[in-house]
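Enquirer: have a look at this prediction, sequence included:
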Amino acid sequence: MRIILNGAETEVEATRLDAALAELGYAEGPFATAVNQSFVHREKRGETELEEGDRIEVVAPLQGG
Amino acid sequence: MRIILNGAETEVEATRLDAALAELGYAEGPFATAVNQSFVHREKRGETELEEGDRIEVVAPLQGG
Amino acid sequence: MRIILNGAETEVEATRLDAALAELGYAEGPFATAVNQSFVHREKRGETELEEGDRIEVVAPLQGG
Amino acid sequence: MRIILNGAETEVEATRLDAALAELGYAEGPFATAVNQSFVHREKRGETELEEGDRIEVVAPLQGG
Amino acid sequence: MVRFYDVTLESRLMLGTAQYPSPAVLAAAVEASGAGIVTASIRREAAGERSGARFWELVRRLGVRVLPNTAGCHTAREAVTTAQMARELFDTPWIKLEVVGDEQSQHPDPFELVEAARILSADGFQVFPYCTEDLSVAERLLAAGCEVLMPWGAPIGTGRGLSNPYGLRMLRAAYPDVTMVIDAGIGRPSHAAVAMELGFDAVLLNTAVAKAGDPATMARAMARAIEAGREGYEADPIEPRDMAEPSSPVMGRAFLA
Amino acid sequence: MVRFYDVTLESRLMLGTAQYPSPAVLAAAVEASGAGIVTASIRREAAGERSGARFWELVRRLGVRVLPNTAGCHTAREAVTTAQMARELFDTPWIKLEVVGDEQSQHPDPFELVEAARILSADGFQVFPYCTEDLSVAERLLAAGCEVLMPWGAPIGTGRGLSNPYGLRMLRAAYPDVTMVIDAGIGRPSHAAVAMELGFDAVLLNTAVAKAGDPATMARAMARAIEAGREGYEADPIEPRDMAEPSSPVMGRAFLA
Amino acid sequence: MVRFYDVTLESRLMLGTAQYPSPAVLAAAVEASGAGIVTASIRREAAGERSGARFWELVRRLGVRVLPNTAGCHTAREAVTTAQMARELFDTPWIKLEVVGDEQSQHPDPFELVEAARILSADGFQVFPYCTEDLSVAERLLAAGCEVLMPWGAPIGTGRGLSNPYGLRMLRAAYPDVTMVIDAGIGRPSHAAVAMELGFDAVLLNTAVAKAGDPATMARAMARAIEAGREGYEADPIEPRDMAEPSSPVMGRAFLA
Amino acid sequence: MVRFYDVTLESRLMLGTAQYPSPAVLAAAVEASGAGIVTASIRREAAGERSGARFWELVRRLGVRVLPNTAGCHTAREAVTTAQMARELFDTPWIKLEVVGDEQSQHPDPFELVEAARILSADGFQVFPYCTEDLSVAERLLAAGCEVLMPWGAPIGTGRGLSNPYGLRMLRAAYPDVTMVIDAGIGRPSHAAVAMELGFDAVLLNTAVAKAGDPATMARAMARAIEAGREGYEADPIEPRDMAEPSSPVMGRAFLA
């Protein structure tokens, strides 16, 4: 399935968000997620089904002003 | 009928705006009107029926900044 | 002899500055002196002869900005 | 005779200021003169004797702020 | 020449008509100012009062355009109704749209202002909104159809001059082609000149003239300052320098020391 | 009307003649400015050079008074000799007395300045001293015989506007009857207007006009700003207020909310 | 002591964490500042990148509270989603809400800002909105549930100091009991002191410290200036006077002339 | 560390001792300020009055150096005699040399000042002259032997902050190695910070502390502001920029719109 991960087209086999993240290599470490511009809580990733063309954002803390 | 003319309770016998204004003494001179906060065009005054408690504003030009 | 002490006319009998100061009641405490607008060092007071009409200033420390 | 004209060494034969100026080519036109930092009035040029090494300034009007 | 919607005028000064010692002084000030536009307001009139008619007659004789305002309105609804009454009274599509947040500071309320500007523009008005230097508000006012903006210099009646020249400069730079009038806060001719030097197109004044000791003279002074500031802007002024530089030539200086 | 010694003039602008792109532009700027006085300088001239004569001819045609300066002088002695030469050249007792402390900042040197002013006044000159806002220096210049003071606005050529308006205000207040001309540091029309609003009698400009993109337009702008500032001063301006107050009357406002 | 929602802190300085030459310099600056709160942001992270984790570890070791921001958001929707992600990442209900109108000036967009503030407050966030000095916007932010306001001093990164001190003073006066933090535009310690002297409760800084030649020293300087300004505000400063008066007593002066 | 002749001190604040509500408040303010130097004056004392002795005792207990002044002197002669008396009383070669032009503005008189500085320096005094930002005066004071200058910020007791920051900046730049103390005119901590950010070495305060509602707190605030300004100066601050620049990184921003 083709998705958009952080703005770049990517293929994943998984159809749920948690599995897709694991497949893409996001393991430990603090990160947060949104699908199609809506926040997906950490605990909802397992029940979030992905669809072709979904836009997934994976973000982490960064210095800021 | 009791109306509110420029903020003050007033009795009028007329039931249309144009007649009420004439009855109240607004004759010549530039003035504009609103009923219940909505503008009433000069040419619509004859077809504007008044009801008990209507708030009528009659305004004229004034110096301003 | 009539002198001007800090702007006010005063009579003294002494004719030297040290004696005049003692006569006027200046005893202990820090003070400095000028006669006719010129500074008179503490150690020169004994050799400073006064003349009729001399202007003597006696000053002490004061808060200042 | 060697003089300094406007900062530059110059030879003149004349020994009076008016003659020296004429010799140097200052003819018509508005100009004013100083010798050794002192102003020499136009009417005094004829009686101003020059000496070896005198510093002569010849100035004219110029735009200014 | 400055353009307000489809009208082009010579004078870059707009004059308010309130607070003068007398109608005669107002008339003298308008004349001395050379203003092409005066502002006016509306208010309740009692039957037979005739003061509106007298003011209207005065303005007519001055031979200037009138820009009615919605002074004192706090909501879009009030402002819209006021504008509609003003349009009928003054027979003009122009409206100086004031929607203010409180009586004290008379600061523009951007939310009600933008809403009123949308409604009035759609209704055929040519809106002159009294606003701040806020870029987002300006953007929405322009999107609503406004072709003129009237950012404040400082709160009405303060006479302080421009409170935020930097912010005004940014607003001017963001929309270089929009007609912008500095409205309110001017106290002295130099304040008006500064506004014009920043590239604004015109200045609206009232208190500074009306409450001056000599309103007509102040009106003329303001008119001159506005022209001066505009010409200064157009003449490409020198940049400020940190260090001094002699203006008289130093070459060829006589050596007299 | 402003008085410089025994001469009374209409225009409150004095214009410097240096740094213009061409004599024609200079002439156009002088004309546009309406100035009654221009400043000039002197410098060494080679035999047969004739540039002094050409400049002199230009100034004559402008039909304005000339105020020669002692630009570039660092000592009283230099300044005195320079003034004497200038008096002969320009045939006027007027001298703008500049005695500056260094080339860099061109700041007036009060010690040499006062000494030169004493000598020149005693010699019959009518001295226009270029000074700072220093009250003690002003006092001595007046005691020396000066009837005009020319305090700087900012260092020459900086175009920054008034560096120390508070100090200038104190100087103005200390000697309300002395003719005072703000000399140097003006960059924009608003700067000139501020100087006049502080109660100064005139402004002398050079770089701001000569180096503007369009000198004649800037000259006219400055002239207008100076008149505007003067009229503003005379018309008794409003005092700045801290909090906003409405300029349209609040009584009688229609209730439409 | 200053209160941010249910937290009360000693330090009135908040420090941004961006733009430092290195994490070590950032850590030194935070320590030198004594700040109790630092701001942070979020961004996309590639799988296995770990830079988020490293930054997070650094912040943890500093032992300060984190105020995440929504930097770069232009719409309420973006800001809401960003805030939600930040809440999960930083485990805090606090959010510094930035919704800006354009990249160039980074000015707050009041319309999107207020909408986002409403949504986030309703969702349990404790919102710190980056706003202007606009009184109507402030009123709506407070009505939306904000208990802290963060008006800008000047646009982000400009280091100009307060662009509109008068407007900020009016905002402070309108809501004397609301915690207000001056955010952005500070360049020098004196700018921070001025903000505190106007009665603001705290200052948020980033560029002025991070880009200074010596960030840790500048951080300490800013901390001192903020305390100085606050104490100055609390100590009831003298009013400026127009004319000089001697501070040493004049009575009893020796007569030596 | 700042050097005054052959003494090097940690604190960059000098505190005046006049105008406090009580000796106890004075003592508390000196302590809170951490000042290493206080100023004092002299005045006529009646026989048996003992107030001089009490003041002297108070100062001794404070454990700080005393810098006596010549407040109120209008001529070099008065100042010289006053300085000589002060040297005997306070047993120090230091003298803060004040020679002022009038009672009203207390402005330094450069002519009498320079003359007094010459006489006193030749007589072994270490002179701290209260002067203006005038470069020529500074040059002569240094030539007279002064190793410290005390330019005013604004007239004594006005609390206005620096009247002419540009002029002060030029003075600082002209003599970068001379110890310079801003003396007079400071009202708020931010004013003191500005003085230090301009590169001045120290600040002398009196009225701003003594007449504040809470002098000890204000003294501490001033001390902090002075340190803050100095550190800010040393930490190489950012330059002000005209346009905004985001402080949070824009690369890698999540796309949520």
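Expert: Everything's here; your move. Residues are numbered from 1 along each chain as shown, chains lettered A, B, ... in the order given.

Enquirer: is the lengthiest helix in chain E positioned near chain F?
Expert: Of all segments of type helix in chain E, defined using DSSP state H, the longest is helix E:215-234. Yes: Helix E:215-234 reaches chain F (CB under 8 Å from any CB of the partner chain) through E:215, E:217-218, E:220-225, E:227-232, E:234. For every residue, glycine as well, the C-beta is placed using N, CA and C.

Enquirer: which helices and strands does that helix pack with?
Expert: Packing partners of helix E:215-234 (3 or more CB pairs under 8 Å, 6 or more residues apart in numbering or on different chains; DSSP states H and E): strand E:13-15, helix E:23-33, helix E:189-197, strand E:202-205, helix E:207-210, helix F:189-197, helix F:215-234.

Enquirer: partners of the strand or helix carrying E:Thr8, with directions?
Expert: For E:Thr8, the element it lies in under DSSP states H and E is strand E:7-9. Strand E:7-9 has the following strand partners under DSSP bridges: strand E:2-4 (antiparallel).

Enquirer: that older thread, so which bits of the strand holding E:Thr8 are buried?
Expert: E:Leu9 (16 or more other CB atoms under 10 Å in any protein chain shown).

Enquirer: what's the mean pLDDT across it?
Expert: Mean per-residue pLDDT for strand E:7-9: 96.

Enquirer: mind listing the helices for the chain?
Expert: Picked chain A for this. A:17-24.

Enquirer: nope, chain E
Expert: Under DSSP H, chain E gives helices at E:23-33, E:51-62, E:76-90, E:110-122, E:135-143, E:165-174, E:189-197, E:207-210, E:215-234.

Enquirer: pick the most buried one from these.
Expert: Neighbour counts (mean count of other CB atoms under 10 Å in any protein chain shown) averaged over each of the helices of chain E peak at helix E:189-197, with a mean of 31.

Enquirer: what is the orientation angle of that one with helix F:215-234?
Expert: Put simply, helix E:189-197 runs at 150 degrees to helix F:215-234, going by axes from the mean of the first three to the mean of the last three CA atoms, to 10 degrees.

Enquirer: who touches helix E:189-197?
Expert: Under the contact criterion CB atoms under 8 Å, 6 or more residues apart in numbering or on different chains, helix E:189-197 has outside partners E:12-13, E:153, E:159-162, E:165, E:168, E:182, E:185-186, E:203, E:205, E:208, E:221-222, E:224-226, E:228-230, E:232-233, E:237, F:188-190, F:193-194, F:197, F:225, F:228-229, F:231-232.

Enquirer: lowest-confidence stretch among the helices of chain E?
Expert: Across the helices of chain E, the lowest-scoring stretch is helix E:51-62, with a mean of 89.

Enquirer: if you look at that one, does any of it touch chain B?
Expert: Yes: Helix E:51-62 lies within reach of chain B by CB under 8 Å from any CB, at E:51-53, E:55-56, E:59.

Enquirer: contact partners of the strand holding E:Thr8?
Expert: Contacts of strand E:7-9 from elsewhere in the structure, counted by CB under 8 Å, 6+ apart, are E:1-3, E:36-37, E:65.

Enquirer: so how far is it off the chain centroid?
Expert: Offset of strand E:7-9 from its chain centre (CA atoms, centre = their mean, to the nearest Å): 15 Å.

Enquirer: what residues sit buried inside stretch A:52-65?
Expert: A:54, A:56-65.

Enquirer: for chain A, which strand is longest?
Expert: strand A:55-63 (DSSP state E).

Enquirer: so that one, near chain G or not?
Expert: Yes: contact between strand A:55-63 and chain G is present through A:57-63 (criterion: CB under 8 Å from any CB).

Enquirer: closest residue of chain E to chain C?
Expert: With CB to the nearest CB, the shortest gap between chain E and chain C falls at E:Arg160, namely 32.6 Å.

Enquirer: was I right about that residue contacting F:Pro240?
Expert: Yes: with contact defined as CB atoms under 8 Å, E:Arg160 counts as touching F:Pro240 (4.6 Å).

Enquirer: so what sits against both of those two?
Expert: Contacts common to E:Arg160 and F:Pro240, judged by CB under 8 Å, 6+ apart, are E:Gly187.

Enquirer: quick one: which of these two has more around it?
Expert: Between E:Arg160 and F:Pro240, counted using other CB atoms under 10 Å in any protein chain shown, the more crowded position is E:Arg160 (21 against 14).

Enquirer: in chain A, what residue comes closest to chain B?
Expert: A:Gln37 (40.5 Å).

Enquirer: surely that residue meets G:Val80?
Expert: No: using CB under 8 Å, A:Gln37 makes no contact with G:Val80, being 9.5 Å away.

Enquirer: what's the end-to-end length of stretch E:13-20?
Expert: 17 Å (CA to CA, to the nearest Å).

Enquirer: show me what contacts E:Ala235?
Expert: E:Ala235 touches F:212-215, F:217-218, F:221, counting by CB under 8 Å, 6+ apart.

Enquirer: how much space between it and F:Val209?
Expert: As judged by CB to CB, to the nearest Å, E:Ala235 and F:Val209 stand 9 Å apart.
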